[in-house]
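Visitor: Show me how the following folds:
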Amino acid sequence: MQNVKLISAEDKLVIALYGEIDSAVSDDFYAQVSAIYNHDKKDIEFDCSALTFIDSTTLGTFVKIFKHLKQDGHTFALKNVQQRIKKLFQICALDTIMEID
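Guide: Got it, this is the predicted structure:
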């Protein structure tokens with residue numbers, strides 16, 4: 001299942017996330033995002049409006065992406081995050097280091 005789609009690459013990479021991203025697809029998720037980023041290294045904004053579920057493995061994948069971008073001097077933002085998913089980031093205090101709307 002396709003969970004990642006590049007929807008804009010003008011000023012920053014805007015990537016839409018869809019459906020459920022869990023441990024079964026987290027490696028593919030990381031590979032897809034990495035391929036997009038490595039092709040055009042810019043800030044990334046994830047549109048999470050159609051993202052319905054993530055697990056702890058996916059949280060770790062987001063941290064991995066965040067660290068890679070930060071190391072390169074780029075920013076990372078999660079937009080339109082559903083409340084139940086946002087709560088996972090808050091429980092882990094990731095909302096203190098990542099931009100989450």
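Visitor: Just the buried positions in the longest strand along the chain, please.
Guide: Across the chain, the longest stretch assigned as strand under DSSP state E is strand 44-54. Within strand 44-54, the residues that qualify as buried are I44, E45, F46, D47, C48, L51, I54, counting by 16 or more other C-beta atoms under 10 Å. For glycine as for every other residue, the C-beta is placed from the backbone atoms N, C-alpha and C.
Visitor: now do stretch 78-93
Guide: Quick answer for stretch 78-93 (16+ other C-beta under 10 Å): L78, V81, I85, K86, L88, F89.
Visitor: which one of these sits closest to H39?
Guide: Closest approach between the buried residues of stretch 78-93 and H39, by C-beta to C-beta: L78, at 21.0 Å.
Visitor: Now do whichever strand or helix holds D28 against strand 44-54, angle only.
Guide: Counting by DSSP states H and E, the element that carries D28 is helix 26-39. Following axes from the mean of the first three to the mean of the last three C-alpha atoms, to 10 degrees, one obtains 170 degrees for the angle between helix 26-39 and strand 44-54.
Visitor: average pLDDT for helix 26-39?
Guide: Taken as a whole, helix 26-39 has a mean pLDDT of 96.
Visitor: Residues touching that helix, excluding its own?
Guide: 3-4, 6, 13, 15, 21, 44, 57-58, 60-61, 64-65, 68-69 (C-beta atoms under 8 Å, 6 or more residues apart in numbering).
Visitor: ok, of the residues you listed, which come out buried?
Guide: 3-4, 6, 13, 15, 21, 44, 57-58, 61, 65, 68-69.
Visitor: Is it possible to get a markdown table of those that adds pLDDT, distance to M98 and secondary structure?
Guide: Listed next are these as a markdown table, based on pLDDT from 0 to 100; distance: C-beta to C-beta, whole Å; DSSP: H, G, I helix; E, B strand; the rest coil:
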| residue | pLDDT | distance to M98 | secondary structure |
| --- | --- | --- | --- |
| N3 | 90 | 19 | coil |
| V4 | 95 | 18 | strand |
| L6 | 95 | 20 | strand |
| L13 | 97 | 16 | strand |
| I15 | 97 | 15 | strand |
| I21 | 96 | 16 | strand |
| I44 | 98 | 11 | strand |
| T57 | 96 | 17 | helix |
| T58 | 96 | 13 | helix |
| T61 | 97 | 13 | helix |
| I65 | 98 | 10 | helix |
| H68 | 96 | 13 | helix |
| L69 | 97 | 10 | helix |
